[in-house]
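Colleague: Give me a 3D structure for the following:
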Amino acid sequence: MWERTLQDLIRGLRANKKDESKFIAKAVEEIRHEIKSDEMELKAAAVLKLTYLDMLGYDMSWASFHVVEVMSSTKVHLKTVGYLAAAQSFDQDTDVLMLTTNLLKKDLTSNPADVAVTLNGLSHIVTPELSRDLSTELIGMLNHSRPHIRKRAILTLYKLLVKNPDAIRHARPRLVEKLGDTDPSVVAATVNVLCELSRRNPTDYLDLAPQLFHLMTTSSNNWMLIKIIKLFGSLSPYEPRLVKKLQPPITELISTTTAISLLYECVHTCIIGGMLQGSSGNSLAKLCISKLAAFIEDPDQNLKYIALMAMTKIVPTHAYLVAEYQDTILASVNDQDISIRMRALDLVSTMVDRDNLPSIVQQLLSHLVPEASASALPSAAESLAQHTTHTAPATYIPPSRSPAYRLTLCQRILNICGRNTYENVTNFEWYISVLVDLAHIANVDVGAEIRDQLVDVVGRVRGARQYAVKLMSSLICDDTLLRNAHEEGSCAEVLWAAAWICGEYCEELADPQKLLPYILQPEVSSLDPDTIAVYIQASVKIFGCWAAELAQRWDDDDLSHVKSVVESIMERASELVHSPHVEVQERAANAKQLFTFIKADLNSYQPHSRPTIPIPGPSSSLDDLAMISEPHFPKSLYLIQPLFSLYELNPVAPSAQERVPVPEGLDLDAWIVPPPPDPVPEPETNAGEKKVKKSKKGKGKEVNGSKIKPKKKKLIEVESGEILAPSQEYIESPEEIEAREKRKAERLMQQRDDPYYIIDDRPSNKTIDVDSIPVIRLEGLPSPGQEPPKNEFPSLRAASQAFSAQQFVVDRDGEMPEGSPVPAKLASTPVSRQQTPTVLGSPAQTSTLSSFPAYDVSEEERTNTPEPIKVTRTKKAGKKKRTKVSAQ
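Modeller: Numbering: from 1, shown residues only. Okay, here's the model as predicted:
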C-alpha cells in the first residue's frame, strides 16, 4: 500500500533535480521489485512508470516480458498500459514479439474496446512475421459493424501491407469496397491508404479513377479532397485523358475554395500532372500563377516558401506569365528569411531571358553593395543606454552580410550571365563592367570565376576587346585590388585577367608606355605567383608593341626614354629571377635575357642624320625597303613584337579534338612496340637416337655421344667475335603444331583438375571496333539577339558609362583543326578590329612591322633524319663453364 504511483515519481524527479540520477536509480530498484509481483494492478503501475522513464532516455528493454504480461490483462485500462509500453519500447528485433501472435488474434476477436486498443498498439509493433500471420484477421475486420473499428482496421492494414506487400492483392478488393462506405470517416481513411499505396506503383490504381472523380466532385471534406487530388496528380502522367477531365473541377476548386492547403494542393497537382499544357492549360496556368503571387505577398513565411517552389516548376513552360510578377519575386530576394532568399534566387535564375537580364543583374548586385546603416556607429545616447541597462545589443546580421549567401549570390550572377555561352547577354561591354563591379563589391572568394569569364568573353567577342583593354588598364592602375590582395575575398585574381588581356591585346592600348610603371611596381610581389608570372609576360608584350610603334615615328630624342624603360624592366626582372617559384623565375629569366640584348643594341646605336628618303610604313614594298641600307632607329625595337603577333590565340571548339585528322601512314590499331613472339618448343628427338645426360649450363644435347644443336633459333659467333642472329626462323610442320597443341591441351586438363593450381581464366585481348563506338557531338547554340539592354544601376562604378550600341558577335563554336570539315555555322567569320587568322597554326596575315630587312641568322644545316635502327631481340646465351687456357 506504500508503493509510489506515477504522480509520486514525477514529484520526486522535480524535487531532486540536484541529485536526479541517484533518485532514478532508487526508483528503478523499486520498480524491479514491483514488476515481479503477482498482482496485475501493481505490475501495470510499475510498467507505466518504466514507460515514463523510457521517454526520458532510460532503457526498459529488460522488462519486455512483463509488458507482454500486462498486455494480456482482461481489464481494458490495464491492457491499454501494456500496449502503450509496447508501442514505446518494442522494435523489430524484440524477442518477445513472437509470443504475442495468439494474444493479438484473441484480442482482435474480443469486445470493441479491446479491439480498438489492440489495433492502435498493433500499428506500432507490427513486423513482417506478424503481418503475415494477422493479415487475414485484419482484412476480415474491414466489415466490422462499428465504423470506428473499420476506420482503425483500414489504417492498421496499411502498416501491415508495408511490411508484407504480397497481401495487397487480397486486401485491395475490400479497400475498393470501402470507397462506397456509408461513414465519411471510413471513406476518408480508405482514400488516405490508397493515396499512400499508389506512390509505389500508380498504374495499378488507374481503374479507380471514376470512383475517385465522383468523390472529388461530391465531397466537401477538404482533407479528403487533398488526398484525392494528390492521387490524381500521381495518376495523370500515366493516363493523358485524365488531364482534360480534371481541368474543369480543379479550376473551380482553385477559384472558389478558401482553404489555403487545398488551394496549394490543386496548384501543385496542375503542375506535376501536366494540366498546364496546351491551349486549354494557358488560362489555368495564369490562374495558378496569380494565386501563387498572392501567396508570395502574404506575410506567412510558409506560404512564401511553397509559392516560390511552385513557381520554379512553372517557369520552364510559362516563363512569360511568371515574368509579369518579376518585381514581387525580386522583393523576396531581400527577405530576412535566408531560406526564402535561396528559393527566390532559384526562381530568378530560371526566369532570366534576353530582355530582363540587365534589370535582374542590377537588383542582384544591389544586394551586394554594403548598406550605409550597416557600418554606422551607435549614437552616444544609444551607447549610454546599453551600458546603464546592461543589455546586450541586438546581434541580428542581415543575410546580405553572410559570406555563404554572398558567395551564392555572386555565383548565381555568373551562372545566369554565362549560361549557354552567354546566350542572354546582348551588350558585352555592359557585362565586362558588371564583372569588374562584382570583383569590387563581392567580398568573397569568386575571383577565379570572374577571371575565367573575363578571359573567355574577351577571347570570344572581338568587338568588346577595345573596351575591355581600356577597363583592364584602369583596373591595373587602380591600386585598390593590389593593396588588398592579401585579404580574404579581395578577388585579386581579377588582376591576372587584367594583365593577360592588356598583354594579349596590347595594340588596343592608347598609351602602352604609361601602363608599364604600374605593371613593374614592387607592390606586385604581394600577388600570387601565377599573377606575377602573367605580369612579367604582359610587360614584355606591352613593351614590344610600344617599341614597334615608336620605331615607326622614331626620333633620336626618344633614345634616352627607351633606355630608361629597358633599364626599369631589367631591374625588376633581376629581382624576380631569385623568386622561389619556378614559373616566376623562368619568365623573369627569359625577360632579362631579351632585354639584355635590347640594351646592348641601344647602347651600340649611333644617332645620325635622317635620310632624305621618306620613312616607309608597314605597307612599304620590298623595293622601297631595299633603298635603305641602314634603318634610322635601333633594330632591337622590332625584336619582341613579332614573337607574340605571328599567331592568334582563339577559343577551341568542344569537338576540335575528335576532328584532328589522322596523319597518313599512322595505324592506331597497330602495335607501337610489337609483343615478343611466343616461344617455340624444342622438337622431339627421333626414336632411333639415344638421349644422354644433358649438360648443366649448355643448351645443346648429346645424341649418340656427339653434341648437336636444336632446331630453334640460335646465336652464331663469327670470327670477329660478334654475335649475330640467324636471318630465318624455324618453321614448324603441321604435324609438330598438332602435337604441340595436343600437349598443351593435356597440360591444361591436368592443371584444371589440380586444386592447388591457379588457372588464369581472363579472356584474351580482342581487337576493339573503334568505328562502332558512338560519338556524341555538341551542337552549336543560337546566337544572341540584337537589341542591347540599358544599364540602369546608378550605384555601381561602371554604371554611368555609355556603352557602344554596336552588334556583338560571339564566337561560340570555337576554332577547329586545319583541314577538318567546318560546320555551316562557322562560315560567317565575326568582324574584328584586328586582321587576324582564323585557323590556329597558320601564319598571321599582318602588315609588315619592320621597315628594314629581316635579320639574317645563320643556321646550321640539319642533317637528314637517319634511318631507324632495327633492334633484334636475341636470347641471352647461358653462362658457359670457364676452362683454363693453356699457355702457348
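Colleague: which residues of this protein fall in strands?
Modeller: For the chain, applying DSSP state E gives strands covering 701-703, 706-708, 716-717, 723-724.
Colleague: Hmm, Leu347 is touching Tyr305, no?
Modeller: No - taking C-beta atoms under 8 Å as the definition, Leu347 is not a contact partner of Tyr305, at 11.3 Å. Quick note: C-beta positions are derived from backbone N, CA and C, even for glycine.
Colleague: The two: who's more crowded?
Modeller: When Leu347 and Tyr305 are compared for neighbours, Leu347 comes out ahead with 24 against 20, by other C-beta atoms under 10 Å.
Colleague: dump the residue contacts of the more buried one.
Modeller: Contacts of Leu347 were listed using C-beta atoms under 8 Å, 6 or more residues apart in numbering, and they are Leu308, Met311, Thr312, Val315, Val322, Ile329.
Colleague: out of the residues you listed, which is most surrounded?
Modeller: Met311 (28 neighbours).
Colleague: Would you check that that one makes contact with Glu324?
Modeller: No - contact criterion C-beta under 8 Å: Met311 and Glu324 do not qualify, at 11.4 Å.
Colleague: so what's in contact with those two at the same time?
Modeller: Joint contacts of Met311 and Glu324 (C-beta under 8 Å, 6+ apart) are Ile289.
Colleague: buried sites along stretch 250-265?
Modeller: Neighbour-count burial for stretch 250-265 flags Ile250, Thr251, Leu253, Ile254, Leu262, Leu263, Tyr264, Glu265 (criterion: 16 or more other C-beta atoms under 10 Å).
Colleague: how far is that stretch from where the chain is centred?
Modeller: 39 Å (C-alpha atoms, centre = their mean, to the nearest Å).
Colleague: Now do it: everything it contacts.
Modeller: By C-beta under 8 Å, 6+ apart, stretch 250-265 touches 222, 225-226, 229-230, 266-267, 269-270, 275, 283-284, 287-288, 291, 295, 303, 306, 310.
Colleague: Likewise for stretch 481-501?
Modeller: So stretch 481-501 is in contact with 403, 435-436, 438-440, 442-448, 450-452, 454-455, 458, 465, 468-469, 472-473, 475-476, 519, 523-524, 526-528, 530-531, 534-535, 537-538, going by C-beta under 8 Å, 6+ apart.
Colleague: just the buried members of those residues?
Modeller: Here, 16+ other C-beta under 10 Å leaves 435-436, 438-440, 442-444, 446-447, 450-451, 454-455, 458, 465, 468-469, 472-473, 475-476, 519, 524, 527, 531, 534-535, 537-538 buried among these.
Colleague: Among these, which ones are in helices?
Modeller: 435-436, 438-440, 447, 450-451, 454-455, 458, 465, 468-469, 472-473, 475-476, 519, 531, 534-535, 537-538 (DSSP state H).
Colleague: Low-confidence ranges, this structure, go.
Modeller: Along the chain, the model assigns pLDDT under 70 to residues 1-2, 371-399, 608-630, 682-730, 755-802, 804-805, 819-888.
Colleague: try it again with 80
Modeller: The model of the chain has pLDDT under 80 over residues 1-3, 278-280, 370-401, 607-632, 668, 678-732, 749-807, 811-814, 816-888.
Colleague: contacting residues for Asn334?
Modeller: Asn334 touches Arg341, His367, counting by C-beta under 8 Å, 6+ apart.
Colleague: from here on, count from 4
Modeller: Okay, residue one is now 4; in that scheme the one you just asked about reads as Asn337.
Colleague: got the phi/psi numbers for it?
Modeller: phi -100, psi 10 (degrees, to the nearest 10).
Colleague: What's the separation between it and Ala322?
Modeller: Asn337 is 22 Å from Ala322, where distance means C-beta to C-beta, to the nearest Å.
Colleague: repeat for Pro610
Modeller: Taken as C-beta to C-beta, the span from Pro610 to Ala322 is 70 Å.
Colleague: List the residues that contact the nearest residue to Arg463 once chain neighbours are set aside.
Modeller: Nearest residue to Arg463 in three dimensions, chain neighbours excluded: Asp814, at 4.5 Å (C-beta to C-beta, 6 or more residues apart in numbering). By C-beta under 8 Å, 6+ apart, Asp814 lies in contact with Gly462, Arg463, Val464, Arg465, Asn653, Pro654, Pro833.
Colleague: Please report phi then psi for Asp814.
Modeller: Residue torsions, per degrees, to the nearest 10, at Asp814 are phi -80, psi 80.
Colleague: Now do the buried residues in stretch 107-124.
Modeller: Buried positions in stretch 107-124, judged by neighbour count with 16+ other C-beta under 10 Å: Leu107, Asp110, Leu111, Asp117, Val118, Ala119, Val120, Thr121, Leu122, Asn123, Gly124.
Colleague: Also stretch 267-282?
Modeller: Tyr267, Glu268, Cys269, Val270, His271, Thr272, Cys273, Ile274, Gly276, Gly277, Met278, Leu279.
Colleague: Quote the end-to-end distance of it.
Modeller: This stretch, stretch 267-282, spans 22 Å end to end (C-alpha to C-alpha, to the nearest Å).
Colleague: Ok, stretch 98-107 next?
Modeller: End-to-end distance (C-alpha to C-alpha), stretch 98-107: 16 Å.
Colleague: Show me what counts as buried in it.
Modeller: Within stretch 98-107, the residues that count as buried by 16+ other C-beta under 10 Å are Val99, Leu100, Thr103, Leu107.
Colleague: same deal with stretch 408-424?
Modeller: Those would be 408-413, 415-417, 419-421, 424, for stretch 408-424 by 16+ other C-beta under 10 Å.
Colleague: and the gap between the closest residue to Tyr86 other than its chain neighbours and Thr112?
Modeller: Residue nearest to Tyr86 in three dimensions, not counting chain neighbours: Gly124, with 3.2 Å by C-beta to C-beta, 6+ apart. Counting by C-beta to C-beta, the gap from Gly124 to Thr112 is 16 Å.
Colleague: Please consider this matter closed, and thank you.
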